[in-house]
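Asker: For reference, the sequence and a predicted model appear below.
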Amino acid sequence: MVLGHQKAARLRRIGGGGARGPSKSLDRRQTASLTLLSRALLPSKKMQVMQTDLISAELRNRFEHARRVLVLTGAGVSAESGVPTFRGGGNTAVWKGMPFDVISSARMVERDLPAVWEWFDYRRSLLQSLQPNPAHYELARWADLFSEFTLVTQNVDGLHQAAGSREVIELHGSVWRARCVGCRTSYEIVPHERRLDNCHGCGAWLRPDVVLFGEMLPPGAFEVAAEAAASCQLCFVVGTSALVYPAASIPEIAKAAGAYICEVNPERTPLSAICDEVLTGKAGEVLPLIGKS
Ligand code: OAD
């Protein structure tokens, strides 16, 4: 029982590293704490990756007949709304000279909570004026097309919900919530309003209700996503560099269970090699084409 609990806890810790491949990545998922997949493990330019500019007849057919569909999104799905990505285009986000994975780490909360708030307050201030883009709206529409549709996001921006998506699995939390470091009570943060500093209940500090590097995912979130991945027929991986685990293991679980995997991204990722189709382009342009009959 204790062992099982510990294993479940490890499964929810975000991280990466190790060699790629369905079975090995599951090993990595079980052992890693928060590190990133080494750049050296990215697929080489010579690697065979099927690319297509158009939506294939195969994908259209599968989209039309699938009953269980899962979509995993990352920062790229919000890029056309104006939300900066963390990686991609050869860049890595930096905040006041600090790499984002340092300022977004569990250690920083212990060391300098005001600095962590400053980073998330800044990100929320950017989001206040931004709107969902065609990719968010298209995914919201997809929910009504299939008998089981699971939308899993690594994003903390709330734009899927703003576009009308319901029951979004937020693997990494939300910048629109704060959480008590003592009793874990969660507080909504309202746009344009001052957020609270302390918990009304116990008086302890509040922190952003997001998953930081080295921390566990929200209880149950990964497990529900993994279960849906294991039974879906069609899986889309949209706008993620697929470097952060365990989120990146979700398409691998779907692949291992026999689902058809389709990636939408302007750049190749470590997942491209296991995808059945790689649609090279922007989510806001490509996703509406897939859903068009
Ligand atoms: P990244 O910033 O790592 O990757 C963004 C991906 O989006 C890249 O692969 C880009 O090529 C792609 N991209 C850019 N523009 C796009 C567009 N218009 N349409 C589709 N794709 C586009 O973001 P994530 O993979 O989401 O975690 O990062 C994973 C996690 O790392 C984040 O959730 C965050 C970060 O640390 C936490 O904050 C806990």
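Answerer: Here it is on my side, so go on.

Asker: care to break this structure down by domain?
Answerer: 2-82+132-171+217-290, 87-129+175-210 (automatic domain parsing).

Asker: In TSV: the ones you listed, plus mean pLDDT.
Answerer: Formatted as TSV, those follow (pLDDT from 0 to 100):
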stretch	mean pLDDT
domain 2-82+132-171+217-290	81
domain 87-129+175-210	90
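
Asker: hey, which of those domains is tucked in deepest?
Answerer: Highest mean neighbour count of the domains of the chain: domain 2-82+132-171+217-290, a mean of 19 (counted as mean count of other CB atoms under 10 Å). Every residue, glycine included, has its C-beta placed from N, CA and C.

Asker: what's the nearest residue in space to residue 134 that is not next to it in sequence sitting at in phi/psi?
Answerer: Nearest residue to residue 134, sequence neighbours excluded (CB to CB, 6 or more residues apart in numbering): residue 284, at 4.2 Å. Backbone torsions of residue 284, given as degrees, to the nearest 10, read phi -70, psi -20.

Asker: Turn the domains of the chain into a markdown table, including distance to the ligand.
Answerer: Converted to a markdown table, the domains of the chain look like this (distance: least, CB to the nearest ligand atom, whole Å):
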| stretch | distance to the ligand |
| --- | --- |
| domain 2-82+132-171+217-290 | 2 |
| domain 87-129+175-210 | 3 |
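
Asker: pretty sure the residue nearest to residue 134 contacts residue 139?
Answerer: No - using CB atoms under 8 Å as the test, residue 284 is too far from residue 139 to be in contact (10.6 Å).

Asker: ranges for the helices of the stretch 51-200 of the chain?
Answerer: With DSSP state H, counting those that start in this stretch as the criterion, the stretch 51-200 of the chain has helices at 57-65, 100-103, 106-111, 113-127, 134-142, 159-162.

Asker: Save these as a markdown table, and put in distance to residue 275 too.
Answerer: Formatted as a markdown table, these follow (distance: least, CB to CB, whole Å):
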| stretch | distance to residue 275 |
| --- | --- |
| helix 57-65 | 11 |
| helix 100-103 | 25 |
| helix 106-111 | 32 |
| helix 113-127 | 30 |
| helix 134-142 | 18 |
| helix 159-162 | 22 |
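
Asker: and the most centrally placed residue in the chain, what is it in contact with?
Answerer: The residue lying closest to the centre of the chain (CA atoms, centre = their mean) is residue 154, at 1.9 Å. Residue 154 sits next to 72-75, 171-172, 240, 244, 247 when contact means CB atoms under 8 Å, 6 or more residues apart in numbering.

Asker: In strands, which of those residues appear?
Answerer: 72-73 (DSSP state E).

Asker: can you list the contacts of residue 154 in JSON lines and add distance to residue 291?
Answerer: Formatted as JSON lines, the contacts of residue 154 follow (distance: CB to CB, whole Å):
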{"residue": "72", "distance to residue 291": "17"}
{"residue": "73", "distance to residue 291": "15"}
{"residue": "74", "distance to residue 291": "19"}
{"residue": "75", "distance to residue 291": "22"}
{"residue": "171", "distance to residue 291": "24"}
{"residue": "172", "distance to residue 291": "26"}
{"residue": "240", "distance to residue 291": "20"}
{"residue": "244", "distance to residue 291": "27"}
{"residue": "247", "distance to residue 291": "23"}
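
Asker: Closest one of the contacts of residue 154 to residue 150?
Answerer: Nearest to residue 150, judged by CB to CB, of the contacts of residue 154 is residue 72 at 9.1 Å.
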